[in-house]
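Q: Show me the folded form of this:
(one chain, ligands or ions: 1)
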Amino acid sequence: KITGIGHYTPETIITNHYFIEKGLDTSNDWIVERTGIHQRRFNKPNSGSSELSHKASLKCLDNAKLSPEDLDLIIVATSTPDHLSFPSTACILQEKLNCKNTPAFDLSAACSGFCFALSTAENYLLNDNYKHILVVGVDCLSSITNLNDRKTAILFGDGAGAVILTKTNSKNSGIIYSKMYSNGTHKDILKIPEGGSKSPINPEVTKNESHYIHMDGKAVFKSAINTTVPAIKEALNSVNLSTNDISYLICHQANKRIIDNIALKLKIPNEKVIINLDKYGNTSAASIPLAMSEFNDTIGFKKGDILVLVGFGAGFTWGVNIVIWE
Ligand code: COA
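A: Residues are numbered from 1 along each chain as shown. The predicted structure is shown next:
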């Protein structure tokens, strides 16, 4: 079950007007109408995902009334680690938290990262001798976004969210369903074309700006809806629940129109759909725990609430977790 939750977002607020002032051919009306985003946060230079993770994790530990030594495992879902490849951001976070000897690793599943990490943590708790696992979703997409490309620049922001998953014997609380999905045939619709092992970074790569996010927005939009709606139906079916039983739907915060479409197709009313992308944009692996944590801080979940978490993103990947809140 989830025994702690916390989030952190950087202080610097980037409004839609920032992009207009930068000379991008866009408008506040276009951005708000097509995405629902009003502003996002950008991390400060020389900070990185580990710093955001650290701040979110401290809040999460405080919320759980646990100390770093209580953690048996740290999983950090991110596509924007502090360093390319290694050391992992999870190891840097482990050092920052001062929990020596706790195994720690990063997990890469783009914007589905948090759902994949929850599923992974759940399996460690079911199969191994672990009691408390810290699961962090964090991204600084501002570091891999071409701020001169109006098709992507306006979408993304930076942030972190964290939960602690704790082993429980109760069958009626905590995570009651998790499933991860991937379809590599859609690998090209959202990607960073170069700068990896296939085509390492060099002056040509940077000149072509192919070390930044490239996206076929329409294809991603369609894939997001076409994959998640059947996955949510399958999830509810498997645990004998209906859409009426859902207390809150918490989708990856990519675009308000995508979330509205998913909710409409499942006939889930607006008041059950948690949205905070207007303030933070698409924070990738952070978006679901950030939306959950902020909601919990302000309005608050109640014991017994049924939360459906839905992630989707590059790969193409998607995933669903159903959680009964304690
Ligand atoms: N401001 C103004 N115009 C813009 C613009 C911007 N920031 N970005 C694109 N446009 C233009 C396009 O160039 C296009 O112009 P054209 O008709 O002259 O060619 C027009 O707006 C329509 O573009 P289109 O891509 O069809 O818009 P859209 O309605 O599909 O919205 C997205 C674009 C990116 C907002 C939308 O496709 C989307 O959100 N897709 C999913 C992205 C996502 O969630 N990615 C992360 C997944 S984890």
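
Q: Not counting its neighbours along the chain, what's nearest whichever residue of the stretch 1-150 of the chain sits closest to the ligand?
A: Closest contact between the stretch 1-150 of the chain and the ligand, by Cβ to the nearest ligand atom, is at residue 26 (3.2 Å). The C-beta positions use only the backbone N, C-alpha and C, and glycine is treated the same way. Sequence neighbours aside, residue 150 is the residue nearest to residue 26 in space, at 4.8 Å (criterion: Cβ to Cβ, 6 or more residues apart in numbering).

Q: Going along the chain, name the strands of the stretch 51-200 of the chain.
A: 73-77, 104-107, 132-140, 158-166, 174-182, 190-191 (DSSP state E, counting those that start in this stretch).

Q: Could you export those strands to CSV, including columns for distance to the ligand, mean pLDDT and mean neighbour count?
A: CSV is the format used below for those (distance: least, Cβ to the nearest ligand atom, whole Å; pLDDT from 0 to 100; neighbours: other Cβ atoms under 10 Å):
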stretch, distance to the ligand, mean pLDDT, mean neighbour count
strand 73-77, 13, 98, 27
strand 104-107, 16, 98, 21
strand 132-140, 10, 98, 31
strand 158-166, 14, 98, 30
strand 174-182, 14, 97, 19
strand 190-191, 6, 98, 19
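
Q: just the helices in this structure please.
A: Secondary structure of the chain, counting by DSSP state H: helices at 16-21, 28-35, 49-64, 89-97, 113-127, 150-153, 203-207, 217-238, 256-265, 277-280, 287-298.

Q: Wait, the residue of the stretch 1-150 of the chain closest to the ligand touches residue 151, no?
A: No - taking Cβ atoms under 8 Å as the definition, residue 26 is not a contact partner of residue 151, at 9.5 Å.

Q: Please say which of those two ends up with more neighbours.
A: Using other Cβ atoms under 10 Å as the criterion, residue 26 and residue 151 rank with residue 26 on top: 17 against 13.

Q: check contacts around that one.
A: 16, 19-20, 150, 154 (Cβ atoms under 8 Å, 6 or more residues apart in numbering).

Q: pLDDT wise, what is it at?
A: pLDDT, residue 26: 97.

Q: With residue 308 instead?
A: pLDDT, read off for residue 308, is 98.

Q: what about it, how many neighbours?
A: Residue 308: 24 neighbours (other Cβ under 10 Å).

Q: and the stretch 151-300 of the chain, which of its residues are near the ligand?
A: With Cβ under 6 Å from any ligand atom as the criterion, the stretch 151-300 of the chain comes near the ligand at residues 151, 154, 190, 215, 217-218, 220-221, 254-255, 282.

Q: Filter those down to the buried ones and hand me the ChimeraX line.
A: Entered in ChimeraX, the line below selects the buried ones among these, by 16 or more other Cβ atoms under 10 Å:
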select :154,190,215,220,221,254,255,282
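
Q: for the residues of the stretch 151-300 of the chain next to the ligand, which one is nearest residue 66?
A: residue 282 (30.1 Å; Cβ to Cβ).

Q: OK, contacts around that closest one?
A: 37, 111, 141, 155-157, 252-255.

Q: any idea how far residue 220 is from it?
A: In this view, residue 282 and residue 220 are 11 Å apart by Cβ to Cβ, to the nearest Å.

Q: Check the closest residue to residue 42 other than its chain neighbours and give its pLDDT.
A: In space, and not counting its chain neighbours, residue 42 is closest to residue 142: 4.4 Å by Cβ to Cβ, 6+ apart. We note a pLDDT of 97 for residue 142 in this prediction.

Q: residues in contact with residue 142?
A: Taking Cβ under 8 Å, 6+ apart as the test, what residue 142 contacts is 42-43, 156-158.

Q: I am finished for the moment; much appreciated.
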